[in-house]
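Engineer: Predicted model and sequence below, questions to follow.
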Amino acid sequence: MSSLPSFPTLSYDLLDVFTLDPCKPFTGNPLAVVYGTEGLAQDQLQKIALEFNLSETTFPSLPSEEEKAKGIDYNVRIFTVEEELPFAGHPTLGTCFSLLSRSLIPPPPSPTTKIIQSCPSGLISLLVSSSPSLVHLSSPHKYISPAQLALPSSFLSIFSLPETTRTGIIRVSSCGLPFLFVQVEDEQALAEAKANGEGVRRMIEELKVKEKESVQGVLMFYVERIEGGEEGTVNVRVHDRMLYTQPGEDPATGSANIALGPVLLQTPSLNLPPDFTGTLNYTVAQGLEMGCPSQLFGRVVSEKGEVKECWIGGGVVKVGEGWIRVPEA
């Protein structure tokens, strides 16, 4: 039987977010949620994130009395292996799930009662199911704008796509983090795309984005409309891939897929009127090409063509827990 460590440690949960089924372990996007980090320096948090070497690691803390009075249920800081992010999707869902599973925040009395997260980008609303294995978040849509890209042939070569590949709508959209969205009208071509990291970097640098924010990556997507549904509701199926300037891709990107909703409202192939009033629901398959299948559920509410609400959600499951040593300051 091993003895307790003689050095300071922090506890953590290891989760999978945006899972299949909807809470099948070892699918979706992994996340580490680390507790007890209040008072640690930025450099110490960055070292912990680098040690886990996941796409993101989060560090939650409970609110002060003043923050509670503002309706805040918890605070969180989100780190990649390189930097702190103002917001990210799957870390938000996973952190909320972990706090609930540890009974650090009270469960909502009803499925329509919102949990409020505070992070550097602002306040994020979350809804959880009664389990709570399904978690959804809402983040205000900041903007959508046309993307001024180089010639289509140059774009296709960056992603090793055949010259015959047809692209549709191209936009930059943000619900907290800006991404470049490119519609590919051939699903097989999407599956076979391979990003040239240097080419992606040059393309992103050429983009002119509102608020001078740096585009995080390229979300290439295929979409098709599903016939039927209630009046005022449109349902679509999406297959997408998140490609970055560095090699590799992301198995499930909540912050990009929530900003996809407003792009879909403007996608000509879906045949929505410019003054569409109603709800567009979209089910996303991501991570297939990298062997990490994920499923995300998106919803965008529009009133006379104006975006009113953006939601993204999915399954969350705990796959591990443990402790990690506190890095030296």
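Structural biologist: Yes, it's here.
Engineer: longest strand anywhere in the chain?
Structural biologist: strand 306-325 (DSSP state E).
Engineer: What is that one packed up against?
Structural biologist: strand 9-19, helix 42-52, helix 89-101, strand 134-138, helix 254-265, strand 294-303 (3 or more C-beta pairs under 8 Å, 6 or more residues apart in numbering; DSSP states H and E). Any C-beta I mention is one placed from the backbone N, CA and C, and that applies to glycine too.
Engineer: rerun that using 6 Å as the cut-off
Structural biologist: Applying 3 or more C-beta pairs under 6 Å, 6 or more residues apart in numbering; DSSP states H and E, one finds that strand 306-325 contacts strand 9-19, helix 89-101, strand 134-138, helix 254-265, strand 294-303.
Engineer: right, so of those, which gets closest to Gly315?
Structural biologist: Nearest to Gly315 among these is strand 9-19; the distance by C-beta to C-beta comes to 4.0 Å.
Engineer: Can you tell me which helices and strands the helix or strand that that closest one is followed by packs against?
Structural biologist: Where DSSP states H and E defines the elements, the next helix or strand beyond strand 9-19 is strand 29-34. If you count contacts as 3+ C-beta pairs under 6 Å, 6+ apart, strand 29-34 packs onto strand 9-19, strand 57-61, helix 89-101.
Engineer: can you do 10 Å?
Structural biologist: Packing partners of strand 29-34 (3 or more C-beta pairs under 10 Å, 6 or more residues apart in numbering; DSSP states H and E): strand 9-19, helix 42-52, strand 57-61, strand 74-79, helix 89-101, strand 306-325.
Engineer: pretty sure His239 contacts Pro293?
Structural biologist: No. The criterion here is C-beta atoms under 10 Å, and His239 misses it with Pro293 at 11.0 Å.
Engineer: Residues that sit against both of these two, list them.
Structural biologist: Between them, His239 and Pro293 share these contacting residues under C-beta atoms under 10 Å, 6 or more residues apart in numbering: Ala285, Gln286.
Engineer: Could you identify which of the helices and strands packed on strand 29-34 is most buried?
Structural biologist: For these, the largest average neighbour count (mean count of other C-beta atoms under 10 Å) is found in helix 89-101, namely a mean of 27.
Engineer: Now do the next helix-or-strand element following that one: distance to the chain's middle.
Structural biologist: The helix or strand immediately downstream of helix 89-101 is strand 115-119, counting by DSSP H and E. With C-alpha atoms, centre = their mean, to the nearest Å as the basis, strand 115-119 stands 15 Å off its chain's centre.
Engineer: what lines up beside the next helix or strand after strand 115-119 in the sheet?
Structural biologist: Per DSSP H and E, the first helix or strand lying C-terminal to strand 115-119 is strand 122-128. Strands that pair with strand 122-128, judged by DSSP bridges, come out as strand 115-119 (antiparallel), strand 134-138 (antiparallel).
Engineer: possible to save those strands as a markdown table with mean neighbour count?
Structural biologist: Listed next are those as a markdown table, based on neighbours: other C-beta atoms under 10 Å:
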| stretch | mean neighbour count |
| --- | --- |
| strand 115-119 | 22 |
| strand 134-138 | 23 |
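Engineer: Least confident secondary structure element in this structure?
Structural biologist: Lowest mean confidence among the helices and strands of the chain (mean pLDDT, DSSP states H and E): helix 152-158, at a mean of 79.
Engineer: For the very next helix or strand once past that helix, which strands pair with it and how are they oriented?
Structural biologist: Next helix or strand after helix 152-158 toward the C-terminus (DSSP H and E): strand 167-174. Strand 167-174 has the following strand partners under DSSP bridges: strand 143-146 (antiparallel), strand 178-184 (antiparallel).
Engineer: right, and these - which one's nearest Phe26?
Structural biologist: The nearest among those, by C-beta to C-beta, is strand 178-184 at 26.4 Å.
Engineer: which residues touch the following helix or strand past that closest one?
Structural biologist: Going down the chain from strand 178-184, the next helix or strand is helix 187-192, by DSSP H and E. For helix 187-192, contacts defined as C-beta under 10 Å, 6+ apart pick out 156, 159-162, 164-167, 182-184, 186, 220-224, 237, 239-241, 288-289.
Engineer: what about 8 Å?
Structural biologist: 160-162, 165, 184, 220-222, 239-241, 288-289 (C-beta atoms under 8 Å, 6 or more residues apart in numbering).
Engineer: quick one: contacts for Leu85?
Structural biologist: Glu56, Ile78, Phe79, Pro91, Pro120, Leu177.
Engineer: Name whatever forms a beta bridge with it.
Structural biologist: Beta bridges link Leu85 to Ile78, judged by DSSP bridges.
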